[in-house]
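Chemist: Could you look at this predicted model? Sequence included:
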Amino acid sequence: MINVYKKILTLAIPLFIAVGGLVAIPQVAYASPADEVGKGIKASGSAGDCDGHECTLSDSIKTITNVLLFIIGTVAVIMIILGGIRYTTSNGDSSQVTAAKNTILYSVIGLVVALLAFAIINFIIGQFAK
């Protein structure tokens, strides 16, 4: 089982490196360092500018929630894939099949709970932001 994971990682790591190499690197032409620092401060929101309006607590909570939901969703999808791999490589062993099914089931349950938490947080923020 460990060999299967090693083979997957051996194939996945160069793929991630190749995809990372395809990402365009923005070039700054004729810009002073002070201008770029100012843009970075405004983009980070620490200068009080959140998409043209003042940053609020609800904006910060929504941003944190979106980031966490993205991370949880990514982990859940990876676990579903790993559960599928475990299921296909179980060779009919009932304990491995059960473990693989549990991995898939718990990943889907975790994803559903995360989506419900996202909906509840947005609902509560929407009620208090009025």
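Modeler: Looks like it came in fine.
Chemist: for the chain, which spans come out with low pLDDT?
Modeler: 1-53, 130 (pLDDT under 70).
Chemist: swap the cut-off to 90 and go again
Modeler: Within the chain, the stretches with pLDDT under 90 are 1-66, 68-70, 73, 91-92, 114-115, 117-130.
Chemist: could you pull out the helices for it?
Modeler: 2-22, 33-44, 57-88, 94-128 (DSSP state H).
Chemist: Can you give the contact residues for stretch 61-76?
Modeler: Ser107, Val108, Gly110, Leu111, Ala114, Leu115, Phe118, Ile121, Asn122, Ile125 (C-beta atoms under 8 Å, 6 or more residues apart in numbering). Glycine gets a C-beta too; all of them are placed from N, C-alpha and C.
Chemist: ok, those vs Ser58, which is closest?
Modeler: Comparing those against Ser58 with C-beta to C-beta picks out Ile125 as the nearest, at 4.6 Å.
Chemist: Isn't Gln96 up against Arg86?
Modeler: Yes: using C-beta atoms under 8 Å, Gln96 is in contact with Arg86, at 6.6 Å.
Chemist: Quick check: buried residues in stretch 100-113?
Modeler: Ala100, Thr103, Ile104, Ser107, Gly110, Leu111 (16 or more other C-beta atoms under 10 Å).
Chemist: Tabulate those (CSV), appending distance to Ile71.
Modeler: Formatted as CSV, these follow (distance: C-beta to C-beta, whole Å):
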residue, distance to Ile71
Ala100, 23
Thr103, 18
Ile104, 19
Ser107, 14
Gly110, 12
Leu111, 12
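Chemist: ok, now how distant is Asn91 from Leu69?
Modeler: 36 Å (C-beta to C-beta, to the nearest Å).
Chemist: When the two are compared, which one has more neighbours?
Modeler: Leu69 (16 against 7; other C-beta atoms under 10 Å).
Chemist: Gln96 and Arg86: which has the busier surroundings?
Modeler: Shown here are Gln96 and Arg86; by other C-beta under 10 Å, Arg86 has more neighbours (20 against 15).
Chemist: Go ahead and confirm the more buried one touches Thr98.
Modeler: No: counting by C-beta under 8 Å, Thr98 is not a contact partner of Arg86; they are 10.4 Å apart.
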